[in-house]
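Asker: need coordinates for the below:
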Amino acid sequence: MALDAHLTHLFDARLAEAQRTSRAPSAVAAVIGDGEVVWSGAAGNIDGHANGEKATTATQYRIGSITKTFTAVLTLRLVDDGLIDLTDPIAKHLPELADKLQGVRVSELLTHGAGLPAETEGAWWERSHGRTWDELQSSIHAIHRPGRRFHYSNVGFAVAGELVARLRNSTWWDRMHEEVLQPLGLHDTTYAPTAKAAPGLAVHPYADLLHDEPNTDTKAMAPAGQLWSTVHDLAAFAVFLARGNKQVLSDDLRREMQIPALINDDPGTAYTRAYGFGLDIINSGGRRFIGHGGSMPGHQSSLKIDPETGDGVVELVNSTAGLTLDTIGLVRELREHHIGAGWTAKSPTPDVVDIVGTWFWGPRPHVLTAEEAGCGSRRSKVAEAPGSPRTAQAPGPARTNTSRASA
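Answerer: Presented below is the predicted three-dimensional model:
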């Protein structure tokens, strides 16, 4: 998919305006169309100063909690390899947690449904010296019954990372690098910042002053938010989530990641966000986007992709306050303004032609098109449903459209 000059300029302008009005030192973004990066851009200087190094799409940023999605993929690989079941109690594999996490299953770690606290006890883990697994033990305890409600937990993903390390007899990072990053070709995604990384910065809210934010090694908490990456690496990861790579994860488990498990129930607001296995599932105007956001001191990030169309967006910024960029709005503009290929007739198979038209399930009409019949989605729901025209319960004519298409 190639963009015309107008749409390219529009995306450039959107990013530049967001960087300026957000007073962000630098920002980068990429738009994905049908599984391919169709635009990427950068704005600002990485140190926030006029004479500083300009940001590029190769600049590396800390991605924060998008790390959780990577950790979920790595954990689900244990399922693919037969080392665990999603229904296994955590204590079966981490016996030191038997008294702490009674009744908590592996799946509930990945859905923020384990009933664990959001943060660690003591010093704020994002801004303090990292702690070991033994030092993390006091933060691992239940605050409500597992499986009942969505409660975002950084601690829970630390436990998932330890599960990977224990069962692989390795480290979380070594397994991440060898089992996920290398097969997907994500060579610019690293544990620590490289020479191409933007520094973490906070901008004074009332003055043009910059504050250096800490770059911490979070150690046992690393599976919750440690990774650094680039906009193109994250775009490739987004496409993997939507389109798959069986070398990394089976399609069945990849699709299961995208099934809403728990609703984020914010009183007074509509249900727009659910959570699957390490994935936010966002309902935006009836369209479903999967992905994650991330925040660490001095950095914010966002990844969203429509798994049905392969359209998505990635955003990275080195500002604690983040970026006021309507990321889904960029996808919407891509869909509204991109001129795609013209319509051409297709030749459906005879069995598809025989079933297209209006079908009734009881008195309720359902229109079945050739495209839907070909992919089997509504064919199974309508033509084979109880009370459908395949049974004797349908009132009157089974179909009102009996025309035949010419091939």
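Asker: so where does N215 fall, helix or strand?
Answerer: N215 belongs to no helix or strand when assigned by DSSP states H and E.
Asker: what about it, neighbour count?
Answerer: N215 is flanked by 16 other residues according to other Cβ atoms under 10 Å. (C-beta placed from N, C-alpha, C; glycine too.)
Asker: could you check the pLDDT of it?
Answerer: Note for N215: predicted pLDDT of 93.
Asker: verify the contact between it and T194 for me.
Answerer: No: using Cβ atoms under 8 Å, N215 is not in contact with T194; the gap is 11.9 Å.
Asker: okay, helices next: where are they in the stretch 51-200 of the chain?
Answerer: When assigned using DSSP state H, counting those that start in this stretch, the helices of the stretch 51-200 of the chain occupy the ranges 66-80, 106-110, 133-136, 154-168, 172-176, 182-184.
Asker: enumerate every residue touching the nearest residue to L234 once chain neighbours are set aside.
Answerer: Excluding the flanking residues, the one nearest L234 by Cβ to Cβ, 6 or more residues apart in numbering is V314, at 4.5 Å. V314 makes contact with 29-30, 32, 231, 234-235, 238, 301-304, according to Cβ atoms under 8 Å, 6 or more residues apart in numbering.
Asker: dump those residues to CSV, plus pLDDT, neighbour count and distance to W359.
Answerer: Formatted as CSV, the contacts of V314 follow (pLDDT from 0 to 100; neighbours: other Cβ atoms under 10 Å; distance: Cβ to Cβ, whole Å):
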residue, pLDDT, neighbour count, distance to W359
A29, 98, 28, 44
A30, 98, 26, 42
I32, 97, 30, 36
V231, 98, 29, 46
L234, 98, 31, 43
A235, 98, 25, 40
A238, 98, 28, 37
S301, 98, 27, 46
S302, 97, 25, 41
L303, 98, 30, 39
K304, 98, 23, 35
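Asker: and of the residues you listed, the nearest to A274?
Answerer: Minimum separation from A274 among the contacts of V314 (Cβ to Cβ) is found for K304, which lies at 13.9 Å.
Asker: is it true that the closest one touches G329?
Answerer: No: applying Cβ under 8 Å as the test, K304 and G329 come out as separate, 11.0 Å apart.
Asker: which segments of this structure make up each domain?
Answerer: For the chain, automatic domain parsing gives the domain ranges 1-344, 347-407.
Asker: pick out the shakiest of these, pLDDT-wise.
Answerer: Least confident of the domains of the chain, judged by mean pLDDT, is domain 347-407 with a mean of 60.
Asker: measure the residue lying closest to H93 once chain neighbours are set aside to A235 for me?
Answerer: Spatial nearest neighbour of H93, chain neighbours left out: L163 (5.8 Å); criterion: Cβ to Cβ, 6+ apart. Separation of L163 from A235 (Cβ to Cβ, to the nearest Å) stands at 28 Å.
Asker: what bridges to the most centrally placed residue in the chain?
Answerer: The chain has G291 as the residue nearest its centroid, 1.6 Å off, counting by Cα atoms, centre = their mean. Counting by DSSP bridges, G291 forms beta bridges with D280, K304.
Asker: ok, so what distance separates it from L241?
Answerer: 7 Å.
Asker: what's the overlap in contacts for those two?
Answerer: Here G291 and L241 have 69, 279, 305 as joint contacts, going by Cβ under 8 Å, 6+ apart.
Asker: quick one on the thing from earlier: so which of the contacts of V314 sit within helices?
Answerer: Those of the contacts of V314 mapping onto helices are 231, 234-235, 238, per DSSP state H.
Asker: out of these, which one sits closest to M221?
Answerer: Lowest distance from M221 to these (Cβ to Cβ) belongs to L234, with 20.7 Å.
Asker: hmm, that closest one is touching T67, no?
Answerer: No: with contacts counted by Cβ under 8 Å, L234 stays clear of T67, the gap being 11.1 Å.
Asker: confirm G44 sits in a strand?
Answerer: Yes: checked against DSSP: H, G, I helix; E, B strand; the rest coil, G44 lies within a strand.
Asker: grab the nearest non-local neighbour of it.
Answerer: Nearest non-adjacent residue to G44, counting by Cβ to Cβ, 6+ apart: S26, 3.6 Å away.
Asker: quick one on the thing from earlier: please name the residues that touch the residue nearest to H93.
Answerer: Neighbour list for L163: 75, 78, 84, 90, 93-94, 106, 109 [criterion: Cβ under 8 Å, 6+ apart].
Asker: could you export those residues as JSON lines, including distance to T21 and neighbour count?
Answerer: JSON lines is the format used below for the contacts of L163 (distance: Cβ to Cβ, whole Å; neighbours: other Cβ atoms under 10 Å):
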{"residue": "T75", "distance to T21": "39", "neighbour count": "28"}
{"residue": "L78", "distance to T21": "44", "neighbour count": "21"}
{"residue": "I84", "distance to T21": "47", "neighbour count": "20"}
{"residue": "I90", "distance to T21": "45", "neighbour count": "27"}
{"residue": "H93", "distance to T21": "48", "neighbour count": "16"}
{"residue": "L94", "distance to T21": "46", "neighbour count": "18"}
{"residue": "V106", "distance to T21": "43", "neighbour count": "24"}
{"residue": "L109", "distance to T21": "39", "neighbour count": "29"}
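Asker: turn these into JSON lines, including distance to H49.
Answerer: Output for the contacts of L163, formatted as JSON lines (distance: Cβ to Cβ, whole Å):
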{"residue": "T75", "distance to H49": "41"}
{"residue": "L78", "distance to H49": "46"}
{"residue": "I84", "distance to H49": "49"}
{"residue": "I90", "distance to H49": "48"}
{"residue": "H93", "distance to H49": "49"}
{"residue": "L94", "distance to H49": "47"}
{"residue": "V106", "distance to H49": "47"}
{"residue": "L109", "distance to H49": "42"}
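Asker: identify, from the residues you listed, the entry nearest to L181.
Answerer: For the contacts of L163, the nearest to L181 is T75 (15.2 Å; Cβ to Cβ).
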